[in-house]
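*Asks:* Fold the following and give me the result.
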Amino acid sequence: MITVKFLGGAKKSFSTDHIDIEKNDLTLQQLLDFLIKNKPKNDNKLDVNNLLIAINGIDSSAIDGPLTNLKNGDVISIIPIIHGGSSKRIQFKISNSCIELFDVKTNQKLNIDFLDDLRLKFPNIIIQAISSNYILGKSHAQKIIAISLMAKQNNTILSKKIETDILLRFAGTTQINDAIKRVGIKNEGDFVIIAIGKKIQLNRLFRDIESLLNTTPLSKNNQNFLKKKFNITKKQMDAIISKSQLEDLLAEKAAILI
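*Replies:* Modelled structure (predicted):
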C-alpha cells in the first residue's frame, strides 16, 4: 500500500488530506496519472506542472523524478507551488506558507546588523539571507525551502529554527558555523533574503527594502561556481535523468543531511 498525502491546495483537489492506494508496482508518473484519472470531477484542478513531490520526505527530483519506482509503505507528499508577483518580486506558496525572495544588490554599504535589524522590525516573518552565488535560480530555491518546511512538519529539522535549517541545507552541511562562512552574508557580495510570512507582512517588508533590490533578480549564472563548490563532476551530472541535473543534485545533497 502507498499513502499519498495532500498538502495546501492539493487537499481541495481531492477533498481529503490523504488517500491509501493498494498498488505497489508504480512509478511516480504512473501514480500521478492514476490520481488525475481518479480525482473528483467537481473539485479543483491539480496542476501537475507546479508541484513539489516528496517520497518519504525526500524531493522526488533528487531521486529519479517521474521514473522513481514506488514500493509498499512509501509515503508520497504532494505540495502545490502557487506563483505570483511582478517581475521584480519572486513570490510563491509551498503548502500554506507564503514565501518571497528578495535579491539585494551590492552597490551599497549595509549595517553589519542589517539582517538582525530586519528580524526585529518584522518579528512575524521568518527571515534568512543566502549569498546569491549559492542560489541557482528560483526553482532551486523553492526545492531547498520545501525540503526545510517538510522537515519541520516531519520533526526531522536540523535545528530548532526553520531559518537555520534553510541556511544549513543551502550550504550542504550540518555545522552552523561552516554554513555561515559558506553561504552567509559577506561584507561585499550580493545576497538573497528568504522571507516566510503572511502576504500582508511580506508586502510591508518589500516596501521597506525596495530601494535595495536588484531590478533583475536571480539573473546570475552560478552553475560553474556551484559545481566547483560542491565537487559535482560530469559523471554525476550524466547519471541524472532530468532537465535540471545540477538543481536536482543540489536538492539531493540538501535532502540527505543528517
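
*Asks:* Name all residues that make contact with Asn124.
*Replies:* Gly197, Lys198, Gln201 (C-beta atoms under 8 Å, 6 or more residues apart in numbering). Every C-beta, even on glycine, is put in place using the N, C-alpha and C of the backbone.

*Asks:* Could you verify that it is part of a strand?
*Replies:* No - read with DSSP: H, G, I helix; E, B strand; the rest coil, Asn124 is coil and lies in no strand.

*Asks:* start the count at 23, not 1, going forward
*Replies:* Done: numbering now begins at 23, and the last item shifts to Asn146.

*Asks:* and the contacts of Asn146, which are buried?
*Replies:* Buried members of these, counted by 16 or more other C-beta atoms under 10 Å: Gly219, Gln223.

*Asks:* Run a quick neighbour tally on Ser181.
*Replies:* Number of residues near Ser181 (other C-beta atoms under 10 Å) recorded here: 17.

*Asks:* Please disregard the earlier target; I meant Lys61.
*Replies:* Neighbours of Lys61 using other C-beta under 10 Å come to 15.

*Asks:* Report whether the expected contact of it with Phe36 is present.
*Replies:* Yes - the criterion here is C-beta atoms under 8 Å, and Lys61 meets it with Phe36 at 6.2 Å.

*Asks:* so what does the helix or strand encompassing Gln164 touch, helix or strand wise?
*Replies:* Using DSSP states H and E, Gln164 falls within helix 160-175. Judged by 3 or more C-beta pairs under 8 Å, 6 or more residues apart in numbering; DSSP states H and E, helix 160-175 is in contact with strand 73-77, strand 80-81, strand 97-106, strand 112-116, strand 119-126, helix 184-193, strand 213-218, helix 267-277.

*Asks:* Quick check: buried residues in it?
*Replies:* Result for helix 160-175 [16+ other C-beta under 10 Å]: buried residues 161-174.

*Asks:* mean confidence for that helix?
*Replies:* The average pLDDT for helix 160-175 rounds to 90.

*Asks:* List of residues touching it?
*Replies:* By C-beta under 8 Å, 6+ apart, the list of residues contacting helix 160-175 reads 74, 76, 79, 81, 83, 99, 101, 103, 112, 114, 116-117, 119, 121, 123, 157, 179-180, 184, 187-188, 191-192, 214, 216, 218, 240, 266, 269, 272-273, 276-277.

*Asks:* Filter those residues down to the buried ones and express that as a ChimeraX selection.
*Replies:* What follows is the ChimeraX syntax for the buried subset of the contacts of helix 160-175, where burial is set by 16+ other C-beta under 10 Å:
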select :74,76,81,83,99,101,103,112,114,116,117,119,121,123,157,179,180,184,187,188,191,192,214,216,218,240,266,269,272,273,276,277
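
*Asks:* Distance from stretch 91-105 to the middle of the chain?
*Replies:* Put simply, stretch 91-105 sits 15 Å off its chain's centre (C-alpha atoms, centre = their mean, to the nearest Å).

*Asks:* Return the set of buried residues in that stretch.
*Replies:* In stretch 91-105, counting by 16+ other C-beta under 10 Å, buried: Leu92, Asp96, Ile98, Ser99, Ile100, Ile101, Pro102, Ile103.

*Asks:* Once you drop chain neighbours, what's closest to the fifth one?
*Replies:* If the residues on either side of it in the chain are set aside, Ile100 comes closest to Ala32, at 4.9 Å by C-beta to C-beta, 6 or more residues apart in numbering.
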